[in-house]
Every structure is written in structure tokens, then in C-alpha cells.
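> Following is a predicted model, sequence given first.
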Amino acid sequence: MSPAAPLLQTPPAPIQLPLSRRMSRMTSSAVREILKVADRPDILSFAGGLPAPELFPVEAIARAHAEVLATEGASAMQYSITEGYPPLREWISRLMAQRGIAAGPERILVTNGSQQGIDLVGKVLLNAGDRVAVENPSYLAALQSLGGYEVSFDAVGSDAEGMRVDELEALLTGPTPPRLIYVVADFHNPTGRQLSLARRQQLVALAQRYGVPILEDDPYGELRFGGKDLPKLAALDDQGVVIYISTFSKTLAPGLRVGWLVAPPSLVKSLTIAKQASDLHTGTLSQRAISKLLGSFDYAGHIGMLRGVYGSRCQTMLGALEQNLPAGSKWTVPAGGMFVWVELPEGMSADALFHKALEEKVAFVPGSPFFVGASSGRFMRLNYSNRTPELIVEGMQRLGRVAKG
Ligand SMILES: Cc1ncc(COP(=O)(O)O)c(C=O)c1O
């Protein structure tokens with residue numbers, strides 16, 4: 001019998017499956033579209049929030065993976081507990097102590113990057129219709145993640161000292177107080193700023209007085225290259241109102257997708273159940289390899305090196321901005337992290353500049369998408385960690401030409 005001839009039929013049009021209501025809050029962010037354009041190989045981009053790839057400890061990470069596979073391969077390939085690999089949680093607990101946060105391993109949940117920590121906190125603490133207080137501007141993917149729980153945002157202004165705690169207090173005493181306060185206290189994304197010591201103390205005191213949890217998102221704290229360490233909000237809290245999240249993304253490599261969360265034990269239980277429902281656990285191989293790596297690798301030395309390189313790239317960028325941007329431009333002077341936040345002079349538009357800059361083959365992220373509500377349209381975020389000093393100078397020269405042209 002000869003095989004049946006294929007039927008020549010036009011395939012039916014795909015059915016448009018209806019999406020959940022929550023997805024209407026989770027549109028692909030404008031920044032994602034911008035990053036796609038900026039990622040073109042011909043563009044010198046300062047748009048992404050990427051660490052320097054040449055500084056990833058790739059060989060040490062490769063050795064750690066090889067050792068894990070050679071000595072505990074079957075366990076590293078097996079399902080594991082949701083809480084995280086116990087030796088890694090113990091190591092994180094010691095790291096937390098160095099950051100002034102007393103947290104035994106039972107208070108630590110290993111997550112798939114700190115991004116998952118944000119999402120789990122939203123899932124566990126927020127109901128549709130709740131309000132969340134955020135600094136304005138704020139980290140976009142936190143707005144996207146928390147927004148998915150059908151909440152509304154209360155924009156709290158920020159200035160050189162970080163979040164305006166007086167504005168927050170007005171919200172907390174108002175008719176519809178927030179259910180959660182989201183803060184990046186150290187080297188904020190997008191502004192690069194730090195919350196001052198006085199504001200840290202006031203913020204924790206307010207959260208305790210009104211019983212409203214703070215989500216302290218700290219991916220950049222280790223990347224300090226100026227000034228002095230300030231206490232983490234979680235270190236100032238003795239009543240369990242601060243949930244702290246951090247990550248290996250900016251210190252080792254984001255591709256590992258390993259972060260963690262520190263919360264009071266009862267909340268960790270709920271967060272663990274939520275994580276179990278979401279992904280069972282963070283990758284066993286990544287967790288064991290990081291744990292192996294940390295056993296022999298000079299983590300503190302590596303971070304010292306990152307601080308030195310990022311500090312000098314930041315200085316290069318600040319100098320190049322001074323030389324190239326039009327008079328009347330202002331920018332933040334970060335003491336750590338990966339971003340400078342620029343305000344263009346009156347009458348200029350960062351969106352218009354973005355399109356003109358692409359013609360000169362240089363890119364940045366316009367600031368508007370980071371705001372809850374309207375903004376002046378004159379802000380832009382520049383990343384300095386991902387480019388060499390030579391390219392930073394070249395990029396800022398190009399940007400200056402278009403901005404002045
Ligand atoms: C403020 C902030 N929080 C969280 C994250 C997510 O980091 P990861 O999930 O890689 O740990 C980022 C990434 O850029 C960030 O800027």
C-alpha cells in the first residue's frame with residue numbers, strides 16, 4: 001500500500017484565547033522594546049542593566065559545575081527541597097550576618113533571582129485592589145511583577161536622599177494606606193541613589209508603627225565604590241516588618257538565576273508554599289555549583305575587583321557627561337551600583353533624543369517608563385558597568401553631539 005498523499009488544506013486560523021484580567025496589567029514594557037533596538041550590534045548601548053561580561057568568573061564557575069557533576073552528579077540532577085540547598089542557605093546566613101542581618105538558614109528561601117522574590121512577596125501579601133507604595137521613579141520589573149497582582153501604586157517622590165518618607169507617612173495615615181512598601185535603598189535602579197541613614201531609620205519606624213511590610217530589594221548593595229556602608233533596612237528592624245531580597249546576579253552572574261529572600265519564619269513558610277506552587281525549587285545544579293564555588297573562591301576579593309572597575313567606569317562616565325552634555329543638564333553621582341540618572345535641560349525631551357541618538361548609533365533608556373504617572377520626559381538612565389572606559393567616552397561624545405546638535 002502506498003502512503004496516503006498529504007492533504008493540501010490551509011491550516012485553520014489560530015483561535016484567540018482569552019487572557020486573564022491580570023495580564024492586562026502586564027504589557028511588555030516599553031523598555032523591553034527599547035532594549036531590543038539598543039541590542040543591535042551596530043549600536044553602542046548604555047541602555048541595558050547588564051554587568052560587565054568580561055568580569056564574570058566563568059572559569060571558576062565552570063570548575064565548580066564540573067566538580068559538582070563529578071562528585072555529586074546524581075543529587076545535582078535530582079529534584080530538591082523548595083527552601084534551597086542547605087549548605088548554600090547556611091553560607092547566605094553568614095553573609096547576612098556580615099550585612100548586619102541576623103537570619104538563621106530557616107529564615108532564608110533561595111529564589112530564582114531576586115525577581116522571583118518580588119513576585120512571591122506579591123503573591124503572598126497582596127490582594128486585588130490593594131495599594132503598594134513605591135519610590136517614583138522605580139524599578140520597572142517590580143512594577144510589572146507586583147502590578148500583576150492587580151494592585152494600584154502610590155508614587156512616593158524621591159530626592160537626593162532617596163524616598164521622601166514624609167510623603168509616605170501621609171499615605172500611611174490616609175484613608176487607603178498601602179499594604180506594602182517597595183524600596184531599593186542602595187544604589188537605586190534607575191537613579192543610582194542611596195537612602196540616607198535618617199530616612200532609613202524613619203522608614204523602618206513608620207513601617208513598624210503602622211504594621212505595613214517593607215520589601216527591601218538589594219541587588220546592588222555589594223557594588224559600593226564610594227562613601228560608607230549604611231545599615232540595611234532589615235538590620236534596623238527588630239519587629240519583622242522588613243522582607244529582604246538579594247541575589248548573586250550582580251556579584252557572580254545573572255545567568256545562574258540564584259537569589260534569596262529573608263523574612264520572618266512564618267512568612268518564609270507561606271513564601272515557600274507559593275514558590276513550590278510556582279517552580280518547585282531553584283535549579284539544583286546552580287545552587288550546588290554556587291555553594292561549591294563559594295567554598296574555595298575569593299568572593300570578597302572578586303567583589304573588591306568589581307567595585308574598583310565599576311567605580312572607575314562610573315568616574316569616566318561622570319567626566320564624559322561633564323564634557324559633552326548640554327549646559328543645564330544634571331545627573332546623580334552614584335557611590336555604587338550600575339546607573340547614572342540624567343535630567344536634560346528644560347525644553348529637551350529624552351524620548352526625542354533617544355530616536356536621534358540611534359541615528360548616531362548610541363542608546364540609553366528614556367526615563368518616562370520608570371515613573372508611576374506622568375514625568376517631565378527629560379530623564380534618562382545610563383548604564384556604565386557594561387562598557388569599557390574608551391567606549392563610555394566615545395558613547396558620551398556621540399550623545400553630546402546629538403543632544404547639542
Ligand atoms: C532593583 C532590581 N531588583 C531586582 C532585579 C532582578 O535581579 P535578579 O532577578 O537577576 O536577581 C534587578 C535587575 O536588574 C534590579 O535592578
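Happy to help now that I have it. Since the model is a prediction, treat every value here as computed from it, not as a measurement.

> alpha carbons only for contacts and neighbour counts from here, please
Will do.

> packing partners for the longest helix seen in the chain?
As assigned by DSSP state H, the longest helix anywhere in the chain is helix 299-324. Under the contact definition 3 or more Cα pairs under 8 Å, 6 or more residues apart in numbering; DSSP states H and E, helix 299-324 sits against helix 389-404.

> same for the helix it packs on, what does it pack against?
Right, helix 389-404 is packed against strand 44-45, helix 299-324, helix 350-359, strand 362-363 by 3+ Cα pairs under 8 Å, 6+ apart.

> highest average neighbour count across these?
strand 362-363 (a mean of 26; mean count of other Cα atoms under 10 Å).

> check whether the helix or strand following it contacts the ligand.
Tracing the chain C-terminally past strand 362-363 and defining elements by DSSP states H and E, one meets strand 365-366 next. No: contact of strand 365-366 with the ligand (Cα under 6 Å from any ligand atom) is absent, the minimum separation being 13.5 Å.

> which residues sit against strand 365-366?
With contacts defined as Cα atoms under 8 Å, 6 or more residues apart in numbering, strand 365-366 is touched by 31, 34-35, 46-48, 350-351, 354, 377-382.

> Which of the residues you listed fall in strands?
F379, M380, R381, L382 (DSSP state E).

> isn't the first one right next to V340, touching?
In other words, F379. No: under the criterion of Cα atoms under 8 Å, F379 is not in contact with V340, lying 10.4 Å apart.

> where along the chain do the strands fall?
44-45, 108-111, 131-136, 152-159, 162-163, 180-183, 214-217, 242-247, 259-262, 330-331, 339-343, 362-363, 365-366, 379-383.

> For T176, what are phi and psi?
Dihedral pair for T176: phi -130, psi 80, per degrees, to the nearest 10.

> residues contacting it?
R131.

> that older thread, okay, the strands of the chain, which one's buried deepest?
strand 108-111 (a mean of 28).

> Spell out whether that one and the ligand are in contact.
No: using Cα under 6 Å from any ligand atom, strand 108-111 stays clear of the ligand, with a minimum separation of 8.6 Å.

> how distant is that strand from the center of its chain?
On the basis of Cα atoms, centre = their mean, to the nearest Å, strand 108-111 sits 16 Å off its chain's mean C-alpha point.

> can you tell which of the strands of the chain is closest to M96?
strand 259-262 (8.9 Å; Cα to Cα).

> Please identify the pairing partners of the closest one and their relative orientation?
strand 108-111 (antiparallel), strand 242-247 (antiparallel) (DSSP bridges).

> of all those, which lies closest to S368?
strand 242-247 (25.8 Å).

> Close to the ligand: what parts of the stretch 251-400 of the chain are there?
Counting by Cα under 6 Å from any ligand atom, the stretch 251-400 of the chain sits next to the ligand at P254, G259.

> rerun that using 8 Å as the cut-off
Within the stretch 251-400 of the chain, the positions near the ligand by Cα under 8 Å from any ligand atom are P254, G255, R257, V258, G259.

> which two of these lie the greatest distance from each other?
G255 and G259 (11.2 Å).

> Now do the shared contacts for these two.
Residues touching both G255 and G259 (Cα under 8 Å, 6+ apart): S249.

> What sits closest to I101 if chain neighbours are left out?
A235 (4.7 Å; Cα to Cα, 6 or more residues apart in numbering).

> Overlap in contacts, F379 and V340.
Counting by Cα under 8 Å, 6+ apart, nothing touches both F379 and V340.

> Could you check stretch 274-288 and say which residues are buried?
A274, K275, L280, H281, T282, G283, T284, L285, S286, Q287, R288 (16 or more other Cα atoms under 10 Å).

> just stretch 234-253 next, same as before
By 16+ other Cα under 10 Å, the buried positions in stretch 234-253 come out as 234-237, 240-253.

> quick one on the thing from earlier: so the residue nearest to I101 versus L69, what's the distance?
37 Å (Cα to Cα, to the nearest Å).

> residues in contact with V183?
Under the criterion of Cα under 8 Å, 6+ apart, the contact list for V183 reads V134, E135, M163, I214, L215, E216, D217.

> Residues touching stretch 56-67, excluding its own?
Counting by Cα under 8 Å, 6+ apart, L252, A253, L285, S286, R288, A289, I290, K292, L293, F297 sit against stretch 56-67.

> Serialize those to JSON lines and add fields for pLDDT.
What follows is the contacts of stretch 56-67, written out as JSON lines (pLDDT from 0 to 100):
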{"residue": "L252", "pLDDT": "98"}
{"residue": "A253", "pLDDT": "97"}
{"residue": "L285", "pLDDT": "98"}
{"residue": "S286", "pLDDT": "98"}
{"residue": "R288", "pLDDT": "98"}
{"residue": "A289", "pLDDT": "98"}
{"residue": "I290", "pLDDT": "98"}
{"residue": "K292", "pLDDT": "98"}
{"residue": "L293", "pLDDT": "98"}
{"residue": "F297", "pLDDT": "94"}
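
> Can you pick out the most distant pair from those?
Of all pairs in those, the most separated under Cα to Cα is L285 and F297 at 17.4 Å.
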